[in-house]
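Undergrad: I'll drop the sequence and a predicted model, then ask my questions.
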Amino acid sequence: MVRRIMHIDLDAFFVSVEQVENPSLRGKPVVVGGRPDRRGVVAAASYEARAFGLHAGMPLATASRLCPQAVFIEGSFPKYRRASQSFMAILADFSPYLEPLGLDEAYLEVTGFESIHGSISQMARAIKKRIRDELGLCASIGIASGKVVAKVASEQSKPDGLLEIAAGEECSFLAPLPVAKLPGVGKKTERVLKGLGINTIGELAITPISTLRSRLGVFGEVLHSYANGIDERKVTPPAEAKSISRETTFAEDTRDYSRLKATLRYLSERVGSQLRQQAKEARCVALKLRYADFTTITRRHTLSRSASADQTIFDSGVSLLKKALSQEKRSVRLVGIGVSGLTESGRQLDMLDSSSQRLEQLNKTIDHIRKKYGFTAIQTGRTLLLKDIFPTGEDGYTLHTPSLSR
Ligand code: TTP
Ligand code: MG
């Protein structure tokens, strides 16, 4: 059976999310990346802005010179992450063989799925429709027998595109395109290829492998296969996480117990909420501390029974923290908490004792409210102390380790 692989990529992703939130921005040149008087570069530009030559990576100052009427927006990563999760959830409804590549793109293996949807391109139209109806976003989709051709096809079809390359047509589709269109060919490789007189993918496809190998090593061989439309790589769903953890570094080292405890509480809530989001429970809780001199320790506690409640994670963390601090006089630079020994939470509430039941119910309610109104809609008493330490946004405290505010 001929493989059918889709590559789905959202159009002008960050900008489009802003336009959904603020429809008056639709149809206008819009840039996400920051104010034009700030240093920094364009992260995303609307197609209207691209007509003026704006593109990702361009300094904001240059962008505002080329297109002074553009609307410049700072952007909010948590917002894009939420949109990304909804996007991936839609794709996962169509096939379990989903491999996210970044926030706004993914491969979907759909070999044999035509029987359900009539044809693969009809399936692609159904995907585009759901993304549009439910998220207000526009996706471009490439369909081919392998990943590389599918990705090039989606790129070529943008914006709002759909392009299927039939089996056997891969080479003729790729041949006229410049080599830079081939995924993996960056500026450096492009220069090497140009030096060999190779400008198009078609020219690359007929270059002897030995020539490419001598200039680019093993990568040269890979490129040669890609240029010939050959790409046997499988669509691989990401491996399930074996643990979930959150940590943060303090602006200055501290031994202030209440500050450490409040931070631990907040991190426990982040870990707990992700655990429950994945419908999992954990058997083991680990505390991580890094001292002022960068010595790092991890202390573990095994729970008597798997749990997912913030309070249970926090309680274990605090007792580990107390013990560690009593044995150590140095200040703390970083604190983190994690859970492992994950299992599916298939348990019935009535199998729990009444205090565990109450905790699970409470967490359910908090999760529900936070999902609807943002993480900061509910702040637990224990974390309020952090209000003076970390700035808050809709998505919780902004920690000094931004990736860990997730
Ligand atoms: P892309 O898919 O490369 O770009 P895009 O979605 O804005 O536009 P299109 O796909 O229609 O060509 O990247 C997805 C998002 O990733 C983009 O909206 C912003 C972010 N990004 C950056 O922050 N910096 C970058 O240099 C690039 C390329 C993207
Ligand atoms: Mg995109």
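TA: Everything's here; your move. Note that the structure is a prediction, hence the values are computed from the model and not measured. Ligands and ions are numbered 1, 2, ... in the order given.

Undergrad: need the residues of the stretch 1-150 of the chain near ligand 2, please.
TA: Proximity of the stretch 1-150 of the chain to ligand 2, by C-beta under 5 Å from the ion, involves residues 9-10, 13, 104. In this view, the C-beta of every residue, glycine as well, is placed from N, C-alpha and C.

Undergrad: which of these come close to ligand 1?
TA: Contacts with ligand 1 within these, counted by C-beta under 6 Å from any ligand atom: 9-10, 13, 104.

Undergrad: From the residues you listed, which land in helices?
TA: Taking DSSP state H as the definition of helices, those contribute F13.

Undergrad: Identify the residues contacting the nearest residue to R276 once chain neighbours are set aside.
TA: In this structure, R276 finds its nearest non-sequential neighbour in S308, 5.0 Å apart by C-beta to C-beta, 6 or more residues apart in numbering. With C-beta atoms under 8 Å, 6 or more residues apart in numbering as the criterion, the residues that contact S308 are 272, 275-276, 280-282, 345, 360, 363.

Undergrad: the strands in the stretch 51-200 of the chain, which residues?
TA: 71-73, 98-100, 105-109, 139-144, 162-164 (DSSP state E, counting those that start in this stretch).

Undergrad: In CSV: those strands, plus mean pLDDT and distance to ligand 1.
TA: Output for those, formatted as CSV (pLDDT from 0 to 100; distance: least, C-beta to the nearest ligand atom, whole Å):
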stretch, mean pLDDT, distance to ligand 1
strand 71-73, 96, 12
strand 98-100, 97, 12
strand 105-109, 98, 6
strand 139-144, 98, 7
strand 162-164, 98, 14
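
Undergrad: With respect to burial, which of these scores highest?
TA: Mean neighbour count (mean count of other C-beta atoms under 10 Å) peaks for strand 139-144 among these, with a mean of 27.

Undergrad: Which elements pack onto that strand?
TA: Packing partners of strand 139-144 (3 or more C-beta pairs under 8 Å, 6 or more residues apart in numbering; DSSP states H and E): strand 5-10, helix 120-135, helix 147-157, strand 162-164.

Undergrad: thinking again about what came up before, could you flag which of the ones next to ligand 1 among the residues of the stretch 1-150 of the chain next to ligand 2 are buried?
TA: Among these, those classed as buried by 16 or more other C-beta atoms under 10 Å are 9-10, 13, 104.

Undergrad: just to revisit the earlier point, also near ligand 1: which of the contacts of S308, exactly?
TA: By C-beta under 6 Å from any ligand atom, no member of these lies near ligand 1.

Undergrad: Among the residues you listed, which ones are in strands?
TA: Cross-referencing these against strands under DSSP state E gives 280-282.

Undergrad: Which of these sits closest to ligand 1?
TA: Nearest to ligand 1, judged by C-beta to the nearest ligand atom, of the ones in strands among the contacts of S308 is K280 at 28.8 Å.

Undergrad: Report pLDDT for the closest one.
TA: K280 carries a pLDDT value of 92.

Undergrad: mind listing what the closest residue in space to it that isn't next to it in sequence touches?
TA: Computed as C-beta to C-beta, 6+ apart, the closest residue to K280 that is not its neighbour in sequence is L342, at 4.7 Å. By C-beta under 8 Å, 6+ apart, the residues touching L342 are 241-244, 275, 278, 280-283.

Undergrad: Among the buried ones among the ones next to ligand 1 among the residues of the stretch 1-150 of the chain next to ligand 2, give me the pair with the biggest separation.
TA: Greatest spacing in those, by C-beta to C-beta: D9 and F13 (8.2 Å).

Undergrad: quick one: common contacting residues for the two?
TA: Shared contacts of D9 and F13, defined by C-beta under 8 Å, 6+ apart, comprise D104.

Undergrad: Name the strands paired with the helix or strand of the chain with the lowest mean pLDDT and say parallel or antiparallel.
TA: Using mean pLDDT, DSSP states H and E, strand 392-393 stands out as the lowest-scoring helix or strand of the chain, at a mean of 74. Strand 392-393 sits in its sheet next to strand 396-397 (antiparallel), going by DSSP bridges.

Undergrad: can you tell me the average pLDDT over the partner strand?
TA: Per-residue pLDDT over strand 396-397 has a mean of 76.

Undergrad: cool, stretch 334-344 as well?
TA: Averaged across stretch 334-344, the pLDDT comes to 94.

Undergrad: got the residues of this structure near ligand 1?
TA: Contacts of the chain with ligand 1, taken as C-beta under 6 Å from any ligand atom, map to 9-14, 43-44, 56-57, 104-105, 158-159.

Undergrad: show me where pLDDT drops low in this protein?
TA: Residues of the chain meeting the criterion pLDDT under 70: 346-352, 394, 400-406.

Undergrad: Try it again at 50.
TA: Confidence mapping of the chain against pLDDT under 50 gives the ranges 402-406.

Undergrad: middle-most residue in it, spatially?
TA: L103 (4.1 Å; C-alpha atoms, centre = their mean).

Undergrad: Next, the contact list for that one, please.
TA: L103 makes contacts with 13, 80-81, 83-84, as judged by C-beta under 8 Å, 6+ apart.

Undergrad: what's the answer for A51, then?
TA: By C-beta under 8 Å, 6+ apart, the contact set of A51 is P29.

Undergrad: could you check the distance from it over to Q156?
TA: To Q156, A51 is 18 Å away according to C-beta to C-beta, to the nearest Å.

Undergrad: now swap in L267 and tell me
TA: For L267, the distance to Q156 (C-beta to C-beta) stands at 44 Å.

Undergrad: Contact partners for S154?
TA: Per C-beta under 8 Å, 6+ apart, neighbours of S154: 7-9, 105, 140-142, 161, 163.
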